[in-house]
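Peer 1: got a sequence here, can you model it:
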Amino acid sequence: MPEFKDVTDEITKTARDAAYVAVGLGVLGFQRAQVRRQELLKRLSEPRGRIEDRITEVRAEVAKRAKTVDGKVETAIDRLEATLEPIEERLPAQARELVKQAHVQAREVRQQIWNLLASDAA
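Peer 2: Have a look, this model is predicted:
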């Protein structure tokens with residue numbers, strides 16, 4: 001019977017060694033996957049940084065051009081209001097008050113639009 005015990009001990013030892021080898025290979029495979037994941041993240045972050053830089057540049061350019069357009073619109077509105085002022089003065093009191101309210105609301109809307117554009121550009 002000692003031979004049977006020796007054989008079972010040898011099988012147990014071989015099975016244990018095989019399990020250790022399998023676990024070791026699994027750990028090595030996992031580590032290799034982690035290294036490749038880190039390399040991939042590094043490679044993907046470089047273009048992303050460039051894209052984010054470009055987006056920042058585009059936002060700044062849009063804000064700059066929006067400010068230019070806003071200035072031109074402001075000039076056009078001032079000219080239009082100056083042209084319509086003599087006509088507004090001839091309106092009845094209630095109508096003049098409505099026109100003033102319309103001017104105030106139009107300016108508020110323009111300011112809100114400008115604030116939205118400025119916050120999106122930031």
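Peer 1: any regions of the protein where pLDDT drops low?
Peer 2: Judged by pLDDT under 70, the chain has its weakly predicted residues at 1-2, 120-122.
Peer 1: centroid-nearest residue for it?
Peer 2: For the chain, the residue nearest the mean C-alpha position is Glu52 (8.5 Å; C-alpha atoms, centre = their mean).
Peer 1: measure it to Arg59 for me?
Peer 2: 11 Å (C-beta to C-beta, to the nearest Å). Bear in mind the C-beta positions are built from the backbone N, C-alpha and C, glycine included.
Peer 1: and Ala102, by the same measure?
Peer 2: From Ala102 to Arg59 the distance is 32 Å (C-beta to C-beta).
Peer 1: neighbour count winner among these two?
Peer 2: Arg59 (14 against 10; other C-beta atoms under 10 Å).
Peer 1: element containing that one, please.
Peer 2: Taking DSSP states H and E as the criterion, Arg59 maps to helix 2-89.
Peer 1: look up the closest residue to Leu117, ignoring the ones flanking it.
Peer 2: In space, and not counting its chain neighbours, Leu117 is closest to Ala66: 4.9 Å by C-beta to C-beta, 6 or more residues apart in numbering.
Peer 1: what is the neighbour count of Asp70?
Peer 2: Using other C-beta under 10 Å, Asp70 has 15 neighbouring residues.
Peer 1: can I assume it is in contact with Trp114?
Peer 2: Yes - using C-beta atoms under 8 Å, Asp70 makes contact with Trp114 at a distance of 6.0 Å.
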